[in-house]
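Participant: When you get a sec, could you give me coordinates for this:
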Amino acid sequence: MPGELWRRVAFPVKMPELPPAIEVSHLVKVYAGVTAVSDISFTVARGEIIGFLGPNGAGKSTTMRILCGYLPATSGDVQICGLPVATQSDDVKRRIGYMAENNPLPEDMRVSEYLYFRGRLKEIPRRHLGPRIDEVLELSDLKRVRHKIIGQLSKGFRQRVGIAEAILAEPPVIIMDEPTIGLDPHQILIVRDLIASLRGRMTVLISSHILPEIEMTCDRVLIINQGRVVAQGTPADLRRELFGHSNYQLQAAGDFAALSAPLVALDPTLHVTAQGEPGADGFRTVTLATERDEDLGETLLRELPARGIRVRALTRTQPTLEQVFLAATRRSWDVVAAVPRDKPAA
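Facilitator: As a prediction, this is how the structure comes out:
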């Protein structure tokens with residue numbers, strides 16, 4: 001075997017790793033002396049779906065517009081697929097599909113005409129554009145209105161036209177600002193399935209106030225408040241960080257006064273936090289708390305009867321993403337409120 005070929009087989013060349021889809025470092029945006037975004041840093045991996053959460057005025061839309069190259073940053077660095085937004089905004093825009101919150105659409109064009117027009121602007125070759133339009137119309141459940149004038153469509157259909165336009169050119173990064181606002185439950189389900197189908201193929205950053213949808217759709221969430229990142233991670237990670245425990249509710253009967261030692265034997269962090277009054281049949285509602293993430297349901301159902309506790313029902317309860325969101329934003333407000341008036345916040 002020739003030496004050069006032997007080296008290629010024995011020592012294959014390692015391909016360079018692709019940069020993250022979105023990389024934000026110390027981003028700051030100031031409007032007329034008012035800081036809208038204050039030193040935000042985060043990274044989004046390729047193929048990941050991220051929920052971007054925050055109260056009104058937290059800086060979400062400003063951050064998204066900076067990512068898309070529509071607004072200049074005051075300072076900091078933003079890169080999309082390894083390209084700096086500040087100096088290569090045209091190349092960055094070719095890699096992003098953006099759906100704004102107000103979703104501006106030409107009301108005098110038909111749906112298919114608008115998508116064809118946008119596809120040509122996005123430099124999709126004519127021979128590929130027709131099949132691609134059919135594909136996104138199918139994905140967005142818009143085929144039955146493809147020939148209708150956009151101005152005659154309901155808000156739900158108009159939202160889906162905006163989503164279809166965002167994914168039309170199959171960009172590596174999709175940014176959506178409130179994509180499900182104004183949609184009915186059936187339409188929300190269609191959009192949720194559509195976004196989930198993009199996982200692994202495109203990176204999706206979604207801003208929304210419909211938190212159950214974010215929890216069901218996204219891999220991670222990023223929560224900002226007052227222009228700062230106040231929490232980020234998976235919903236499970238944030239529950240553990242902000243609440244530190246899981247709860248179990250029992251419908252049970254027995255001697256709970258003598259249960260402390262057995263509970264500690266099962267899990268040192270497991271303890272009774274609340275007990276209701278027993279009913280006529282002797283059963284009461286009992287709440288247990290633990291710091292463990294693992295599901296203890298099967299263990300409790302096996303061990304409690306062995307210790308004289310009759311169990312009628314057992315439910316594991318966890319803080320919802322809504323509770324996580326409120327706790328994270330409240331924590332950030334408390335930090336700001338604790339700073340003396342004569343001392344600027346860090």
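Participant: And for residue 211, the neighbour number?
Facilitator: For residue 211, the neighbour count with other Cβ atoms under 10 Å is 19. For the C-beta atoms, the positions are set from N, CA and C on the backbone; glycine is no exception.
Participant: whoops, I mixed them up, residue 238
Facilitator: 21.
Participant: For it, which non-adjacent residue is closest in space?
Facilitator: With sequence-adjacent residues excluded and distances taken as Cβ to Cβ, 6 or more residues apart in numbering, residue 238 is closest to residue 324, at 4.8 Å.
Participant: Contacts only, for the one you found.
Facilitator: 223, 231, 235, 238-239, 242-243 (Cβ atoms under 8 Å, 6 or more residues apart in numbering).
Participant: So which of these is the closest to residue 92?
Facilitator: Checking the contacts of residue 324 against residue 92 with Cβ to Cβ, the nearest one is residue 223 at 25.0 Å.
Participant: in its sheet, what does whichever strand or helix holds that closest one sit against?
Facilitator: Under the criterion of DSSP states H and E, residue 223 resides in strand 220-225. Pairing partners of strand 220-225, with direction, according to DSSP bridges: strand 49-53 (parallel), strand 228-233 (antiparallel).
Participant: Check which residues of the last one are buried.
Facilitator: Same thing as strand 228-233. 228-232 (16 or more other Cβ atoms under 10 Å).
Participant: and it, how far from the chain's centre?
Facilitator: Taking Cα atoms, centre = their mean, to the nearest Å, the mean C-alpha location of strand 228-233 is offset from the chain mean by 12 Å.
Participant: Give me the contact list for that strand.
Facilitator: Residues from elsewhere that reach strand 228-233 (Cβ under 8 Å, 6+ apart): 38-42, 220-224, 238, 241-242, 324, 328-329, 331-332.
Participant: which residues touch stretch 106-114?
Facilitator: By Cβ under 8 Å, 6+ apart, stretch 106-114 touches 105, 117, 133, 137, 142, 145-151, 153, 161, 165.
Participant: and if we set it to 7 Å?
Facilitator: With contact meaning Cβ atoms under 7 Å, 6 or more residues apart in numbering, stretch 106-114 is reached by 105, 133, 142, 145-151, 161.
Participant: Likewise for stretch 165-178?
Facilitator: So stretch 165-178 is contacted by 21-22, 61, 64, 67-68, 80-81, 95-101, 115, 118-119, 122, 124, 132, 136, 163, 198, 202-208 (Cβ under 7 Å, 6+ apart).
Participant: just stretch 140-155 next, same as before
Facilitator: 105-112, 114, 137, 157-158, 160-161, 163-164, 182, 190, 194.
Participant: With just CA atoms, put that stretch into CSV.
Facilitator: Extracted C-alpha coordinates of stretch 140-155, given in CSV (Å, rounded to 0.1, in the frame of the first residue of the first chain):
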residue,chain,number,x,y,z
SER,A,140,-48.2,24.5,7.8
ASP,A,141,-51.6,23.2,6.9
LEU,A,142,-52.2,26.0,4.3
LYS,A,143,-52.8,24.1,1.1
ARG,A,144,-56.6,24.8,1.2
VAL,A,145,-56.0,28.6,1.3
ARG,A,146,-53.0,28.8,-1.1
HIS,A,147,-55.0,30.8,-3.6
LYS,A,148,-56.7,33.1,-1.1
ILE,A,149,-55.7,36.7,-0.7
ILE,A,150,-53.8,37.2,2.6
GLY,A,151,-55.9,40.2,3.7
GLN,A,152,-59.0,37.9,3.7
LEU,A,153,-57.4,35.3,6.0
SER,A,154,-58.0,35.0,9.8
LYS,A,155,-55.2,35.8,12.2
